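1. give me a 3D structure for the following:
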Amino acid sequence: HKMSDNYIHFDEIDDVLASVRLLAQLVPKLPTDPWAWKWVIIAAHNALQGALVCALSGPAGVGALEKQSAGAVLDWFEKRTGNPPKKRLADFNTLVARGCNAERMSYLGAIPLCLDSQQRKDLRRLNDEFRNNFMHFTPKGWSIERIGLPRIILTAVGAIGHLMSQPQVIYKLDDTQRHDMEDNLAMIARALQQSEL
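-> Modelled structure (predicted):
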C-alpha cells in the first residue's frame, strides 16, 4: 500500500496482501491461542473474497459485481450521464462459483478454480457458518469444532494462491509483493499441515 503523512492507500491487491500477511501472523499462534481462530477465519475469508474480486473483475471492472449492478455500471460508462451507480459486489458463494466457471475464467485468460465437492462445501461453511456468525455475532454461546478448520483454511489458502497467480492479476504485483505473498501462503500452508491445532 502507498502511504503519505495523512493517508494509507489500498486497492484490491493491497486488500488481499494485507489479509494474507495477517493470516501469516496469526496461524503460528493457533496452537497456544485458540481464540486466534476467529481472526484466521475472517482474514482467510477476506483474502479469498479479495482474490476472487481481483481475478474476476476483468477489464471493465464489473466481473465481481452483482449482475444488475454490473449492467448499471456498464450502462453508465456508455452514456456518462448523472452520477456513477454504486457498485454492489456479488455475494461470496456467487464469486466462488464464478471463479470455478471455466468459460468465464478462460475469457479472462485464466485457469478456473478446480474445487471438489468437499472443498466447495468447506468454502460455503467458511462464509455462511463461520465468517457470518463472527461478523454478525448475536448474544449467544457458540462452540466451534476445531477438526476440519485447518482443512477449510487450507482450501481457502490454495484458492487464494491460484487466483492471485493468474495472468490478469499477477502482473499487478511487483516482485516484492509477489514473493511476500507466495512466501506467506507457503508458510501458512506448512503451519496448518504440520501443527496439531
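2. who touches the closest residue in space to residue 77 that isn't next to it in sequence in this structure?
-> Distances taken as C-beta to C-beta, 6 or more residues apart in numbering put residue 60 closest to residue 77, at 7.3 Å, once the chain neighbours are dropped. Every residue, glycine included, has its C-beta placed from N, CA and C. Taking C-beta atoms under 8 Å, 6 or more residues apart in numbering, we find residue 60 in contact with 73-74, 77.
3. ok, so of these, who is nearest residue 91?
-> Using C-beta to C-beta, residue 73 comes nearest to residue 91 of these, at 17.3 Å.
4. related to what we said a few turns ago, so which of the contacts of residue 60 belong to helices?
-> Using DSSP state H, the members of the contacts of residue 60 that fall in helices are 73-74, 77.
5. buried subset of the residues you listed?
-> Neighbour counting with 16 or more other C-beta atoms under 10 Å marks residue 73 as buried within those.
6. looking at the ones in helices among the contacts of residue 60, which is nearest residue 5?
-> In terms of C-beta to C-beta, no member of the ones in helices among the contacts of residue 60 lies closer to residue 5 than residue 73, at 33.2 Å.
7. how many neighbours does the nearest residue to that closest one once chain neighbours are set aside have?
-> Nearest non-adjacent residue to residue 73, counting by C-beta to C-beta, 6+ apart: residue 62, 5.2 Å away. For residue 62, the neighbour count with other C-beta atoms under 10 Å is 19.
8. what ranges do the strands span in this structure?
-> Using DSSP state E, the strands of the chain run over 2-3, 8-9.
9. out of those strands, which gets the lowest mean score?
-> Least confident of these, judged by mean pLDDT, is strand 2-3 with a mean of 58.
10. any idea of the pLDDT on the residue nearest to residue 73?
-> Residue 62 is assigned 78 on the pLDDT scale.
11. hmm, it is touching residue 75, no?
-> No - Residue 62 is beyond contact range of residue 75, at 10.6 Å (criterion: C-beta atoms under 8 Å).
12. find me the pLDDT at residue 168, would you?
-> pLDDT, residue 168: 95.
13. show me what contacts it?
-> Neighbours of residue 168 in contact, by C-beta under 8 Å, 6+ apart: 55, 58, 108-110.
14. which of the residues you listed count as buried?
-> Buried by 16+ other C-beta under 10 Å: 55, 108, 110, out of the contacts of residue 168.
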